[in-house]
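Q: Let me see the structure of the following:
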Amino acid sequence: MRLLVIARREFFAYFESIIGYVVVALFSALAAALFFLVGDVFFSYNQASLRHFFANMPMLIAVIAPAIAMRVWAEELRSGTVERLMTLPFSIGQLVVGKFLGVWAVFAVALGCTLLAPITVEMLGDLDWGPVIAAYVGTLFMAGAGLAICCFLSATTTNQIVAWMFGACVLLVFNLIHLLATAVFVPRWLAELSLNLDMSQHFNAMSRGVIDLSSIGFYIGVMVVALVANTLVLSSGRFR
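A: Reported below is the predicted structural model:
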């Protein structure tokens, strides 16, 4: 229950300024534009499928997740309100998890706005909603892992722009690290490790409509590690 109190506070605080609405609108607009207007556009392959829509999600999340999470701790540290937070009847772990759940809910709202895309496809053809639902579930968990990482990085700086840059760079690395596997000089063990650590590779099966429990477990594991690291950074008292 305490986690929900913190999550609700973080969620509504995000929409107290126009920036929250802009980020949510930007995410849905970019997702729709990349699907309908850019590259191998939907209208060119004449098929009621959202596979190309979800193929863009890893890169979109690498940009949008840091924008959502950058203020979570950086703003608290900059304004000094983190000290007041620490005096509330919550543990640091509860604050960390609660804030994370709040920004995850913000992303869920942004993701919900993209439902106009499958609804449009359904109007134009016979869309199979099973794979779409699986892909949405995968997107939500992949974003959760990315947001947890970005929340941790937000706790390491007092500057929101720096937090966004750190988050975007780290998530891009985690979505492109699979390219190591294609390099001829990379040993087999490192190639396999790069594929196992790559967030986009774990998303591939779910983007095709298969709910892969091992991939969901990977995303949950990333969330746990990032949130524990976030808690340890704040517990160190370096910013207090």
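Q: Any chance you could list what contacts the helix or strand residue 163 falls within?
A: Assigning secondary structure by DSSP states H and E places residue 163 in helix 160-176. Counting by Cβ atoms under 8 Å, 6 or more residues apart in numbering, helix 160-176 makes contact with 58-59, 61-63, 65-67, 69-71, 73-75, 78, 146, 149-150, 153-154, 156-157, 197-200, all of which sit outside it. Yep, even glycine has a C-beta here, placed from its N, CA and C like the rest.
Q: Looking at these, which are in helices?
A: Those of the contacts of helix 160-176 mapping onto helices are 58-59, 61-63, 65-67, 69, 71, 73-75, 78, 146, 149-150, 153-154, 197, 199-200, per DSSP state H.
Q: filter these to the buried ones?
A: Listed as buried from these are 58-59, 61-63, 65-67, 69, 71, 73-75, 146, 149-150, 153-154, 197, 199-200; burial here means 16 or more other Cβ atoms under 10 Å.
Q: And what about residue 185, helix, strand or coil?
A: Here residue 185 is recorded as coil under DSSP: H, G, I helix; E, B strand; the rest coil.
Q: what number of residues lie near it?
A: Burial measure for residue 185: 6 neighbouring residues, criterion other Cβ atoms under 10 Å.
Q: from the middle of its chain, how far away would the helix or strand containing residue 120 be?
A: Of the helices and strands defined by DSSP H and E, residue 120 is found in helix 116-124. Remark: helix 116-124 is offset 24 Å from the chain centroid, using Cα atoms, centre = their mean, to the nearest Å.
Q: mind listing what's buried in that helix?
A: For helix 116-124, the neighbour count (16+ other Cβ under 10 Å) marks 117-118, 121 as buried.
Q: what residues are up against the residue most central in space within the chain?
A: The centroid of the chain falls nearest to residue 143 when counting by Cα atoms, centre = their mean (2.4 Å). Applying Cβ under 8 Å, 6+ apart to residue 143 gives the contacts 61, 65, 104, 107, 111.
Q: picking up where we left off before, let me have the buried residues of helix 116-124 in TSV, adding distance to residue 94 and pLDDT as columns.
A: As requested, those are arranged in TSV below (distance: Cβ to Cβ, whole Å; pLDDT from 0 to 100):
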residue	distance to residue 94	pLDDT
117	36	85
118	36	86
121	41	81
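Q: I would like the residues contacting the helix holding residue 120, please.
A: Residues beyond helix 116-124 that count as contacts (Cβ under 8 Å, 6+ apart) turn out to be 28, 31-32, 35-36, 42, 48-50, 53, 127, 129, 132.
Q: go with 7 Å
A: By Cβ atoms under 7 Å, 6 or more residues apart in numbering, the residues outside helix 116-124 that reach it are 31-32, 35, 48, 50, 53, 127, 132.
Q: who are the neighbours in contact with the closest residue to residue 69 other than its chain neighbours?
A: Nearest non-adjacent residue to residue 69, counting by Cβ to Cβ, 6 or more residues apart in numbering: residue 150, 3.6 Å away. Neighbouring residues of residue 150 by Cβ under 7 Å, 6+ apart: 65-66, 69-70, 167.
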